[in-house]
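[1] I'll drop the sequence and a predicted model, then ask my questions.
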Amino acid sequence: MNNDQGLPSDLIIEPLMLKHLSMLRADNNSKYLGIFQILLFKKWFSSLESSFTNLIPTRNSTCLVAVERKNIIAYILATPINRRGTCWSISEPYFIGESLSFSRYNLLQNLLRIVLYESNINTQSFLISINTNDNQSLSVIRQSGFQPLRIIKYWKRKENNKYTKKEYKNNFIWERLNEENSQQIWRLEQARESINFRSIFDRQWHDIYEKRNTLTGVIKSKENNIIAGLIPSICPQNNFSLELIRGLAWDERLNKSIPQRINNMKTDKRKCYLETTSEDNKLNEILYKSNWEIIEERVLLGRSVWKRQNGYKLKSIETELLTNLVGNLQQQPELPSTIQIGKNK
């Protein structure tokens, strides 16, 4: 993985190792030293776990480090986002120092190529999230085969937000995530997603349940039906980043239940960020009227790479879809919709 024919001679991209900690100590870079120590410990633990059995997919991140002339200039993380390890998220590159010879555009190209083609990640799908205004990075990512899936708005509660707590007990109740309602909110999530998105993300109900925290939960009507929920985000950009979702049919009670829930969340000293899709005008309007503000818009892109069959043979997703179409002409596969990125504000 170091200096193959695809990499410039002065650039080395390799998995995180103990020697990289020494490089950071030499540069007196304490900010990233602690991060690398945690990532390295997780890597060792994952290796120990896999030595006992090869049936359990890894839950820990893979860190690739870009080194130029014995100086660390960037690193990138790839993390499994479901229990089965069939989909991984790729972070944006974290730039530690400025390169003498390579632009950030070139570094992103090389880091993505290593993650997709030369790492030991055994998966069929990848997701990556990028700011909608970062046209250069978007261009690199699209050239790597990623297609836009949705545009996500990130919301933060305004600092001077004062909300009077009201109870609407006759209309709805709040319930933290448990095994039963995790299955219900998962079915609600599946109903609103396209076949293309579901096949890439491949999230099951237990993935939602396992990543629950003190802020996740569902809003239920008095008829015991789930009408909305706060669930773990797909590609979290912050420690407390939650996705706000609702049912396909709009329920007017959400105009009262959502503001009550989001403005009375106890987050200690940590800030909570909410995610909505850009297309959901009703949810976005509620957040805006509840004194939440948009801090960023990001486009979520996905790529299906390979699919393992019979434990050995690798077959591309595109080839499989074509084979199914020819074999059964009555079936009409759903095509992914095109998202306009440039002017979606």
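    All right, it came through fine. Quick caveat, the model's predicted, so the values are computed rather than measured.
[2] can you give me the strands in the stretch 201-345 of the chain?
    For the stretch 201-345 of the chain, the strands defined by DSSP state E, counting those that start in this stretch occupy 217-221, 226-232, 241-246, 273-277, 292-304, 307-309, 313-315.
[3] partners of the third one, with directions?
    On the basis of DSSP bridges, the sheet neighbours of strand 241-246 come out as strand 226-232 (antiparallel), strand 273-277 (parallel).
[4] tell me the contacts of residue 282?
    Going by CB atoms under 8 Å, 6 or more residues apart in numbering, residue 282 touches 246, 250, 254. For the C-beta atoms, the positions are set from N, CA and C on the backbone; glycine is no exception.
[5] of those, select the buried ones using a ChimeraX command.
    Typed into ChimeraX, the line below selects the buried ones among the contacts of residue 282, using 16 or more other CB atoms under 10 Å:
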select :246,254
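[6] just the residues contacting stretch 136-152, thanks.
    92, 104-105, 108-109, 112-113, 116, 126-132, 196-197, 200, 275-279, 297-303, 305, 336, 338-339, 341, 344.
[7] what is the end-to-end distance of it?
    19 Å (CA to CA, to the nearest Å).
[8] and the average pLDDT for it is what?
    Averaged over stretch 136-152, pLDDT sits at 94.
[9] now the closest residue to residue 29 other than its chain neighbours, what are its backbone angles?
    Excluding its sequence neighbours, the residue lying closest to residue 29 (CB to CB, 6 or more residues apart in numbering) is residue 96, at 6.7 Å. Note on residue 96: its backbone torsions stand at phi -90, psi -40 [degrees, to the nearest 10].
[10] residue 96 is in contact with residue 76, isn't it?
    No - with contacts counted by CB atoms under 8 Å, residue 96 stays clear of residue 76, the gap being 11.5 Å.
[11] more crowded one of those two?
    residue 76 (23 against 20; other CB atoms under 10 Å).
[12] ok, now how distant is that one from residue 103?
    From residue 76 across to residue 103, the span is 16 Å (CB to CB, to the nearest Å).
[13] next, the distance between the ends of stretch 274-282.
    15 Å.
[14] pick the most buried one from the strands paired with strand 241-246.
    Mean neighbour count (mean count of other CB atoms under 10 Å) peaks for strand 226-232 among the strands paired with strand 241-246, with a mean of 23.
[15] what's the spacing between it and its chain's center?
    Relative to the chain's own centre, strand 226-232 is displaced by 17 Å; criterion: CA atoms, centre = their mean, to the nearest Å.
[16] what comes into contact with it?
    Here strand 226-232 makes contact (CB under 8 Å, 6+ apart) with 172, 177, 181, 184-185, 188-189, 208, 211-213, 215-221, 242-247, 251, 253-254, 257-258, 261-262, 274.
[17] just the buried members of these?
    Neighbour counting with 16+ other CB under 10 Å marks 172, 177, 181, 184-185, 188-189, 208, 211-212, 215-220, 242-247, 251, 253-254, 257-258, 261-262, 274 as buried within these.
[18] in its sheet, what does the host helix or strand of residue 126 sit against?
    Counting by DSSP states H and E, the element that carries residue 126 is strand 125-131. According to DSSP bridges, strand 125-131 forms sheet pairs with strand 87-90 (parallel), strand 292-304 (antiparallel).
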